[in-house]
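Participant: The sequence isn't on hand, but the structure is:
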């Protein structure tokens with residue numbers, strides 16, 4: 001009896017998020033707001049993110065953040081079409097034109113500088129509309145203290161009327177498409193990201209307080225302390241006169257004070273060195289630079305050429321690529337400005353281009369081009385060649401960037417040496433024809449025939465002898481009979497013709 005096999009029902013994956021951010025805070029469970037999980041921000045800064053602005057004003061941190069942001073902004077960028085169809089290429093060209101027409105570099109600098117420090121950045125898109133076309137007039141950086149996120153990662157703007165925030169991702173049930181957010185950092189679980197502020201806080205705090213103590217040290221030991229003595233019955237007025245005289249010692253060359261009172265200098269004894277504070281400050285500066293750039297060679301150099309400078313620079317390149325990828329990822333996202341622009345200008349198309357920032361170093365491009373040149377030469381010897389699609393894919397080109405060479409423009413291959421042609425229309429020069437003709441005279445076959453004639457007496461003498469002594473005597477007898485004249489004449493002619501051609505070229 002045959003058993004009927006039942007069809008297996010296809011299982012479906014779980015589509016909902018289970019381990020949502022902020023679900024471990026018992027007090028937060030009553031609110032829809034997700035608090036920033038940065039413990040340094042919450043415990044040391046009282047939740048005030050503007051403290052990170054104070055950190056960003058440190059001259060070393062400000063310089064390093066600017067270097068990191070400019071490293072990304074200085075890279076070339078382009079808009080890659082969804083496909084090579086005409087409509088997709090047209091859309092990509094329109095998007096690129098829009099981004100070139102407003103200060104996109106300035107907008108990216110603000111997003112990178114503020115976002116990497118605080119973990120996320122928010123920019124408001126200032127749309128423009130004219131004659132049926134949608135443009136971007138500007139992308140204005142907005143301070144992070146004005147925003148927070150809910151459990152669905154919706155952005156809320158805090159206002160005077162709505163201190164708890166109002167949702168700016170939706171309006172009347174439709175996407176508002178007004179604020180572009182970018183999240184930075186690793187191990188990100190919330191839209192707030194992981195900023196460098198939490199890593200820079202303690203080095204910055206120690207440096208700031210170390211410099212404060214350093215200034216107190218300089219003030220205390222740069223000049224002695226003035227001490228004044230007054231009689232026990234001195235009036236308050238006399239005491240103030242003495243204090244004024246003591247304070248005047250630092251700035252005046254001469255002072256007066258009441259009779260019976262005295263002034264003296266107290267020299268403080270030092271047990272430490274002033275270089276201690278300098279070393280502390282330099283150490284904290286180094287720590288902050290490593291935290292921002294991943295290395296110190298760019299800022300402080302490599303004294304004595306110790307270490308691998310190339311390896312240090314490569315670490316920084318990795319950070320630059322990570323920042324560039326973060327920008328591109330959010331610009332090209334479902335809720336990103338590129339899709340918003342395409343939906344406004346080409347409604348219903350549904351296929352979107354992507355912004356791509358080229359972080360490949362020029363040296364890498366040169367190395368790749370040299371590799372392709374060597375690979376093409378090697379493949380040509382075996383009758384193969386690199387395809388057009390390879391160049392398009394490897395070098396980030398477009399299909400229309402590579403054109404086929406017309407047949408009439410294709411270089412004609414050179415004729416091999418010895419292939420002399422005297423037919424009408426031949427492109428062989430006279431001196432080249434002579435050279436090729438001479439080369440034909442010294443072919444292996446010609447040389448073999450000439451040497452057989454020269455060596456004939458020796459070969460005959462050896463064939464007629466039976467022992468070594470007889471062979472030696474036969475060789476001595478055959479030597480005068482060797483026909484060397486023909487060989488000498490041929491070599492003489494070749495040497496003369498070669499010298500003549502050389503003199504002609506030298507004269508030209």
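Facilitator: All right, it came through fine. Since the model is a prediction, treat every value here as computed from it, not as a measurement. Residues are numbered from 1 along each chain as shown.

Participant: Now do the SS call for the nearest residue to residue 188 once chain neighbours are set aside.
Facilitator: Spatial nearest neighbour of residue 188, chain neighbours left out: residue 194 (5.8 Å); criterion: Cβ to Cβ, 6 or more residues apart in numbering. C-beta here means a position set from N, CA and C on the backbone, and glycine is covered the same way. Three-state call for residue 194 (DSSP: H, G, I helix; E, B strand; the rest coil): coil.

Participant: who's in contact with residue 194?
Facilitator: 38, 119, 184-188 (Cβ atoms under 8 Å, 6 or more residues apart in numbering).

Participant: go on, residue 147?
Facilitator: Counted by Cβ under 8 Å, 6+ apart, residue 147 has contacts 122, 155-158, 165.

Participant: so can I have JSON lines of the residues you listed showing pLDDT?
Facilitator: Shown next, in JSON lines, are those (pLDDT from 0 to 100):
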{"residue": "122", "pLDDT": "96"}
{"residue": "155", "pLDDT": "94"}
{"residue": "156", "pLDDT": "94"}
{"residue": "157", "pLDDT": "94"}
{"residue": "158", "pLDDT": "92"}
{"residue": "165", "pLDDT": "89"}
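
Participant: I'd like these as CSV, with secondary structure appended.
Facilitator: Below are these laid out as CSV (three-state DSSP):
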residue, secondary structure
122, strand
155, strand
156, strand
157, strand
158, coil
165, coil
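
Participant: Would you state the strands of the stretch 151-300 of the chain in chain order?
Facilitator: 155-157, 166-167, 170-171, 174-175, 179-183, 225-229, 262-266 (DSSP state E, counting those that start in this stretch).

Participant: tell me the average confidence for the last one?
Facilitator: Read that as strand 262-266. For strand 262-266, mean pLDDT rounds to 64.

Participant: Repeat that for the fifth one.
Facilitator: Here strand 179-183 scores 95 as its mean pLDDT.

Participant: Make TSV from the strands of the stretch 151-300 of the chain and add distance to residue 88 and mean neighbour count to it.
Facilitator: Shown next, in TSV, are the strands of the stretch 151-300 of the chain (distance: least, Cβ to Cβ, whole Å; neighbours: other Cβ atoms under 10 Å):
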stretch	distance to residue 88	mean neighbour count
strand 155-157	30	20
strand 166-167	33	14
strand 170-171	29	12
strand 174-175	23	10
strand 179-183	23	22
strand 225-229	79	14
strand 262-266	82	11
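
Participant: now those in a markdown table, with distance to residue 135?
Facilitator: Converted to a markdown table, the strands of the stretch 151-300 of the chain look like this (distance: least, Cβ to Cβ, whole Å):
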| stretch | distance to residue 135 |
| --- | --- |
| strand 155-157 | 23 |
| strand 166-167 | 26 |
| strand 170-171 | 21 |
| strand 174-175 | 19 |
| strand 179-183 | 15 |
| strand 225-229 | 68 |
| strand 262-266 | 72 |
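
Participant: Determine which of these approaches residue 34 most closely.
Facilitator: Comparison of the strands of the stretch 151-300 of the chain against residue 34 by Cβ to Cβ identifies strand 155-157 as nearest, at 9.9 Å.

Participant: Each with direction, which strands does that closest one pair with?
Facilitator: Within its sheet, strand 155-157 is paired with strand 147-150 (antiparallel), strand 166-167 (antiparallel), according to DSSP bridges.

Participant: can I get those strands in JSON lines with mean pLDDT and distance to residue 345?
Facilitator: Below are the strands paired with strand 155-157 laid out as JSON lines (pLDDT from 0 to 100; distance: least, Cβ to Cβ, whole Å):
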{"stretch": "strand 147-150", "mean pLDDT": "92", "distance to residue 345": "28"}
{"stretch": "strand 166-167", "mean pLDDT": "92", "distance to residue 345": "26"}
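
Participant: Out of the ones you listed, flag the one nearest residue 496.
Facilitator: strand 147-150 (92.7 Å).

Participant: So for the lengthiest helix in the chain, mean pLDDT?
Facilitator: Using DSSP state H to define each element, the chain has its longest helix at helix 197-222. For helix 197-222, mean pLDDT rounds to 89.

Participant: which of the contacts of residue 194 count as buried?
Facilitator: Neighbour counting over the contacts of residue 194 (16 or more other Cβ atoms under 10 Å) leaves 38, 119, 184-185, 188 as the buried ones.

Participant: Quick check: the farthest pair among the residues you listed?
Facilitator: 38 and 184 (12.5 Å).

Participant: Need the residues touching each of those two.
Facilitator: Common neighbours of residue 38 and residue 184, using Cβ under 8 Å, 6+ apart, are 119, 194-195.

Participant: can you redo the strands paired with strand 155-157 as a markdown table with distance to residue 317?
Facilitator: Below are the strands paired with strand 155-157 laid out as a markdown table (distance: least, Cβ to Cβ, whole Å):
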| stretch | distance to residue 317 |
| --- | --- |
| strand 147-150 | 32 |
| strand 166-167 | 39 |
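
Participant: related to what we said a few turns ago, the contacts of residue 194: which two are farthest apart?
Facilitator: 38 and 186 (13.7 Å).

Participant: Quick check: helices, which of the contacts of residue 194 are part of them?
Facilitator: Going by DSSP H, the helices hold none of those.

Participant: Make CSV from those residues and add distance to residue 55 to it.
Facilitator: Listed next are those as CSV, based on distance: Cβ to Cβ, whole Å:
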residue, distance to residue 55
38, 13
119, 13
184, 15
185, 16
186, 19
187, 21
188, 20
